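Visitor: Here's my sequence, what's the structure:
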Amino acid sequence: MFQQLVSDHGAGIARVAGSYVRSRAEREDLLQDIWLAIWRALPSFRGDASLKTFVFRIAHNRSVTTLARRRPDGAAAEEMEQLVDSSPGPAQRLASQRDSERLLAAVQRLPLGLRQTLTLRLEGLSYAEISEVLGISESNVAVRLNRARQRLSDRLGGRDHRE
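Guide: Prediction:
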């Protein structure tokens with residue numbers, strides 16, 4: 001069952017972890033922590049929610065715990081992940097890579113609550129599932145998604161509003 005979870009949700013969990021931390025090393029550490037927590041929690045799964053929601057809830061909780069434990073003294077410059085694009089031409093690849101990096105940077109600058117909600121939605125979770133994972137109402141999910149989209153639109157449109 002654990003192997004099936006890794007197969008089905010591994011990439012999504014990696015993207016969720018990547019939305020909480022910026023460096024590749026931190027993401028790998030967080031992923032290891034998440035998968036260990038899932039392994040340990042699996043026997044207690046009662047089926048009250050879907051297995052997908054259960055797994056993403058654990059990923060969210062471990063990520064929040066990691067952020068809470070992080071020392072505020074800051075780290076050295078954190079590297080952004082390189083997003084690989086399989087477009088045929090080098091000019092197209094460069095333009096696409098810059099767009100991806102710009103989008104990733106804009107998402108990373110969102111407040112944590114908006115970033116969490118947006119990342120889970122991009123992973124295909126429904127409003128109800130996001131509500132369960134984050135422990136907020138479905139209407140709050142909708143509000144957060146609208147705010148996240150608006151801020152991304154403002155930032156990517158050249159009007160970077162810092163709040």
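Visitor: use CA for all of it now, contacts and neighbours both
Guide: Fine.
Visitor: For the chain, which element, helix or strand, carries the lowest mean pLDDT?
Guide: Counting by mean pLDDT, DSSP states H and E, the chain has its least confident helix or strand at helix 90-108, which shows a mean of 74.
Visitor: list the helices and strands the helix or strand following that helix packs on?
Guide: Next helix or strand after helix 90-108 toward the C-terminus (DSSP states H and E): helix 112-122. Judged by 3 or more Cα pairs under 8 Å, 6 or more residues apart in numbering; DSSP states H and E, helix 112-122 is in contact with helix 2-20, helix 127-134, helix 138-156.
Visitor: okay, the angle between helix 112-122 and helix 127-134?
Guide: Relative orientation of helix 112-122 versus helix 127-134 (axes from the mean of the first three to the mean of the last three Cα atoms, to 10 degrees): 130 degrees.
Visitor: what does the average pLDDT come to for helix 112-122?
Guide: Mean pLDDT, computed over helix 112-122, is 90.
Visitor: From the chain's centre, how far out is stretch 105-116? Work that out for me.
Guide: From the chain centre to the centre of stretch 105-116 is a distance of 9 Å (Cα atoms, centre = their mean, to the nearest Å).
Visitor: and it, which residues are buried?
Guide: 105-108, 110, 114-116 (16 or more other Cα atoms under 10 Å).
Visitor: Would you mind writing the CA trace of that stretch as CSV?
Guide: Once non-C-alpha atoms are left out, stretch 105-116 reads as follows in CSV (Å, rounded to 0.1, in the frame of the first residue of the first chain):
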residue,chain,number,x,y,z
ALA,A,105,9.0,33.1,-7.8
ALA,A,106,5.6,34.8,-7.7
VAL,A,107,4.0,31.7,-6.1
GLN,A,108,6.9,31.6,-3.5
ARG,A,109,6.2,35.2,-2.6
LEU,A,110,2.6,34.6,-1.8
PRO,A,111,1.7,34.4,1.9
LEU,A,112,1.8,30.9,3.2
GLY,A,113,-2.0,30.4,3.5
LEU,A,114,-2.5,31.4,-0.2
ARG,A,115,0.5,29.4,-1.3
GLN,A,116,-0.7,26.2,0.5
